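Asker: Got a predicted structure plus its sequence, pasted below:
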2 protein chains.
Amino acid sequence: MAEPMEPAFGADGLVPAIAQDRTTGEVLTLAYMNHDAWERTRQTRLATFWSRSRQRLWQKGETSGNVLRVHGIRLDCDGDAVLLLVDPTGPACHTGARSCFFNEVDAVADTSR
Amino acid sequence: MAEPMEPAFGADGLVPAIAQDRTTGEVLTLAYMNHDAWERTRQTRLATFWSRSRQRLWQKGETSGNVLRVHGIRLDCDGDAVLLLVDPTGPACHTGARSCFFNEVDAVADTSR
């Protein structure tokens, strides 16, 4: 079986893409790509996503300047998820945080109530 | 603004969840959670997902024994993505690979054709 070199886009035309700092290993953000975003990311080496809220292509950092330079791209075993190995040029989150994943949740639910 | 302590499930009732090896930083897999999967993951500390293909709850490793022990849980800035920091007990991928993200793709598209 040939390895998938294009993502398996979902029924909505999108595939989730994880951006991971290739140096620190930190998971920075998760966003979505349509086929155009995928192609632009590969061509420009700058992470480009499809904004579901704004319904348009969106190059990460196009306003803030905090682009994600793409060093490597991987697909998962069945091709329906993308992993971008990136060099961030600044905070990846629009809040100014280095990573979007800053909300810590207790691992064990409170079952006493 | 209070931090979201429950994910913002999508219109389909699902939220994507990334499992990352908390020791090596390797991104192991991406799967989906519905509310039940989220609750079970928190209560059991074993990564539990909603299988979209089988349309049922699925505790990772329930067949293979390769469970993902959940050490920490984070939500992203707007709560619509989950990051699980896990200790894997074996290969995370059903192919036997340590990570599902083993398909490397060239970062630059071939624009010559």
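Answerer: That came through, no problem.

Asker: For chain A, give me the ranges with low pLDDT.
Answerer: Regions of chain A meeting the criterion pLDDT under 70 cover residues A:1-4, A:107-113.

Asker: Can you give me the neighbour number for whichever residue of it sits closest to chain B?
Answerer: When scored by Cβ to the nearest Cβ, chain A has residue A:25 as its residue closest to chain B, at 2.7 Å. Backbone N, C-alpha and C define where each C-beta goes, glycine included. For residue A:25, the number of neighbouring residues by other Cβ atoms under 10 Å in any protein chain shown comes to 14.

Asker: Could you verify that it is part of a helix?
Answerer: No. Assigned with DSSP: H, G, I helix; E, B strand; the rest coil, residue A:25 falls outside any helix and is coil.

Asker: Report how many residues lie close to residue A:12.
Answerer: 11.

Asker: mind listing the helices for chain A?
Answerer: For chain A, the helices defined by DSSP state H occupy A:35-44.

Asker: how about the strands of it, start to end?
Answerer: Here chain A has its strands, by DSSP state E, at A:15-21, A:27-33, A:48-51, A:56-59, A:68-75, A:82-88, A:103-105.

Asker: check contacts around the spatially closest residue to the residue of chain A closest to chain B that is not a sequence neighbour.
Answerer: Nearest residue to residue A:25 in three dimensions, chain neighbours excluded: residue B:25, at 2.7 Å (Cβ to Cβ, 6 or more residues apart in numbering or on different chains). Residue B:25 is in contact with A:24, A:25, A:26, counting by Cβ atoms under 8 Å, 6 or more residues apart in numbering or on different chains.
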